[in-house]
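# Only the shape, not the letters, is given here:
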């Protein structure tokens, strides 16, 4: 099937066409550029929500509950479940097949897993392409769910219009969260499993830690903390409200456009650098880099001088 | 003090000179290139050991115990404690000032913390420079300790001649380890706190999981599992033995040189890409990228075409 037909069918909500398009962009296929060019004028309508948190906080359950909440509002929803640590394609570790089953018969929901480990350029490269496909295919909301492991969650926050950080009571999240820097990326915080012991102290600790940040200017966004029991759907409407408030707050200030431009700039930069990296590899079939490396390990050359040589050759091509 | 004098003093084991050189290379100072060029012929003598593991397995204690073991053997030891998640310079979260105090009066030990979050180019960029300084300064062994958070530990493994993965009983390390992929990076595994309940089952589980990998060729390295109680120094000599065995195994096969060349190649590539990224930023004072991003968010351009334009401009300079 050719690209224009695929795009047309994806717009009509045909999941197989969406799946095929994502595979084309994900795998850096020869049609990648054609697909991206075809999608460009169609994208931009979706609101991208990032969800992150440590294993065990109930991310898949929360994502599923959010899907239901948006579906009740008549929105088309895309879900991208990203596992930055898994080398398995298809995202076996993530819950698409298990927790998301309740949405499997719903044509207004498209769910995709993505394993980014080992991907050329990693998460920063692969996720935006898939988001763009879901966006162009007509999703109103795209939920990007990722396992919170260090850098990856920051990268996901970069992809999202609004970032949700999930926590749960009694997981020692406080210190972990601080270390992983997720307290800097959340626009909305959700304490899930709020019926469990320790929920109050998690909320309190979180409040305390968020308050420790720099003093806020009047009009600055103060990230709300929402309590949920996602497995029973409790508090999920409040999460949607918080997301909509954040969106409105950003739109009022032109911050949404700014954030999306910054995202696009990062995306372009990543693609350009990936292409340049490819060119470095292509220089004399990788042997150029190997030869420089051999001279470095022999103590004849330092890595900066070697890099200078490489850049000179690359930009003089 | 000029660079040649600093290098001379660092070679003579003066810690302040070492500190100053690391600061120069870490901060991308104007003298960076001069320093790296001066160090090139002096480096290559140190053996680089990476130590990684989840918080709580006893990394700092193990590192400290290894330092003692190497000191007993008359080796000069450098320690680089890397915290990829901390934005604080000086590595406040890592144990240099607390756990490593016993070595503070020893001129044969140099300890440095490094916080890489927010660093230009991150860990892959900053750590090799510091390692090179310690190497050129005459360290026989360099221990690179990092908190195991996803990608960072893989990057540290890339920097090391031999990678040690630390685990401890009863931390649910099994599944976490599998997810983070650390079972692929260890040359030596250490189960610390081996006097605790559950040590046997941790060793068993680890054995099982390591055995699940691809079938090994005859002569392939089979990562040993060493039990330690680092706080009492128990098992630490066995760790040193395992490290020396791995080193000998690699040297026999020319694998050490190959690994170091691969490392140098990656280092050059990273520096070159950082330089290219800098150039992208310099294109018309960043406005070029911003303008492309604005056209993308307006749906007028796709990111691949934008990246193509950028690469064209960059390589035609």
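Everything's here; your move. Source: prediction; values computed, not measured.
# Tell me the confidence at residue A:17?
With respect to pLDDT, residue A:17 scores 93.
# neighbours around it, how many?
20 (other Cβ atoms under 10 Å in any protein chain shown). For every residue, glycine as well, the C-beta is placed using N, CA and C.
# Break down chain A into its helices, ranges please.
Along chain A, counting by DSSP state H, helices occupy A:3-11, A:15-26, A:32-39, A:59-72, A:122-136, A:151-159, A:173-180, A:199-211, A:236-252, A:255-282, A:287-297, A:303-315.
# what mean pLDDT does the fifth one have?
For helix A:122-136, mean pLDDT rounds to 80.
# What of stretch A:242-249?
The predicted model assigns stretch A:242-249 a mean pLDDT of 97.
# Quick check: the gap between the nearest residue to residue A:1 once chain neighbours are set aside and residue A:107.
Nearest non-adjacent residue to residue A:1, counting by Cβ to Cβ, 6 or more residues apart in numbering or on different chains: residue A:20, 7.2 Å away. The spacing between residue A:20 and residue A:107, counted by Cβ to Cβ, to the nearest Å, is 16 Å.
# and the nearest residue to residue A:41 once chain neighbours are set aside, what does it touch?
Using Cβ to Cβ, 6+ apart and skipping residues adjacent in sequence, the residue nearest residue A:41 is residue B:299, 4.5 Å away. Applying Cβ atoms under 8 Å, 6 or more residues apart in numbering or on different chains, we find residue B:299 in contact with A:40, A:41, A:42, A:43, A:44.
# Just the buried ones from these, in PyMOL syntax?
To isolate in PyMOL the members of those that are buried, counting by 16 or more other Cβ atoms under 10 Å in any protein chain shown, one can use:
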select buried, chain A and resi 40+42+43
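# Can you convert the contacts of residue B:299 into JSON lines and add a column each for pLDDT?
As requested, the contacts of residue B:299 are arranged in JSON lines below (pLDDT from 0 to 100):
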{"residue": "A:40", "pLDDT": "91"}
{"residue": "A:41", "pLDDT": "92"}
{"residue": "A:42", "pLDDT": "93"}
{"residue": "A:43", "pLDDT": "90"}
{"residue": "A:44", "pLDDT": "89"}
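# Please identify which of the contacts of residue B:299 is nearest to residue A:111.
residue A:43 (19.0 Å; Cβ to Cβ).
# Surely the closest one is in contact with residue A:137?
No: using Cβ atoms under 8 Å, residue A:43 is not in contact with residue A:137, being 9.2 Å away.
# bridging residues for residue A:191?
According to DSSP bridges, the partner residues bridging residue A:191 are residue A:167, residue A:227.
# Now for it: which residues touch it?
Residue A:191 touches A:167, A:168, A:169, A:199, A:202, A:203, A:206, A:225, A:226, A:227, A:228, counting by Cβ under 8 Å, 6+ apart.
# Can you say which of those residues are buried?
A:167, A:168, A:169, A:199, A:202, A:203, A:206, A:225, A:226, A:227, A:228.
# what about the second one, distance to chain B?
What that stands for is residue A:168. From residue A:168 across to chain B, the span is 15 Å (Cβ to the nearest Cβ, to the nearest Å).
# before we move on, what about the last one?
Between residue A:228 and chain B the computed distance is 25 Å (Cβ to the nearest Cβ).
# which non-adjacent residue is nearest that residue?
In space, residue A:228 is closest to residue A:235, 3.5 Å off (Cβ to Cβ, 6+ apart).
# Look up how far residue A:128 lies from that neighbour.
30 Å.
# higher neighbour count, those two?
residue A:128 (24 against 20).
# residues contacting the more buried one?
A:159, A:263, A:267, B:303.
# can I get the residues you listed in TSV with pLDDT and neighbour count?
Shown next, in TSV, are the contacts of residue A:128 (pLDDT from 0 to 100; neighbours: other Cβ atoms under 10 Å in any protein chain shown):
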residue	pLDDT	neighbour count
A:159	80	23
A:263	87	21
A:267	85	27
B:303	89	25
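# So what's the residue count around the residue nearest to residue A:1?
17.
# list residues touching both of residue A:43 and residue A:137?
Joint contacts of residue A:43 and residue A:137 (Cβ under 8 Å, 6+ apart) do not exist.
# Skipping adjacent residues, who's closest to residue A:36 in space?
residue B:302 (4.1 Å).
# Spit out the contact partners of residue A:289.
Under the criterion of Cβ under 8 Å, 6+ apart, the neighbours of residue A:289 are A:280, A:281, A:283, A:310, B:265, B:268, B:269.
# try residue A:48
Counted by Cβ under 8 Å, 6+ apart, residue A:48 has contacts A:131, A:135, A:141, A:142, A:144, A:159, A:160, A:161, A:162.
# hmm, 7 Å instead?
A:131, A:142, A:144, A:159, A:160, A:161 (Cβ atoms under 7 Å, 6 or more residues apart in numbering or on different chains).
# Buried ones from those residues, can you make that a ChimeraX selection?
Here is the ChimeraX selection string for the buried members of the contacts of residue A:48, based on 16+ other Cβ under 10 Å:
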select /A:131,142,144,159,160,161
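# The residue nearest to residue A:41 and residue A:194: what is the separation?
To residue A:194, residue B:299 is 40 Å away according to Cβ to Cβ.
# what does the model give the closest residue to residue A:202 other than its chain neighbours for pLDDT?
In space, residue A:202 comes closest to residue A:169 once its chain neighbours are excluded; the distance is 4.6 Å by Cβ to Cβ, 6+ apart. Each residue has a pLDDT score; the one for residue A:169 is 90.
# Lovely, talk soon.
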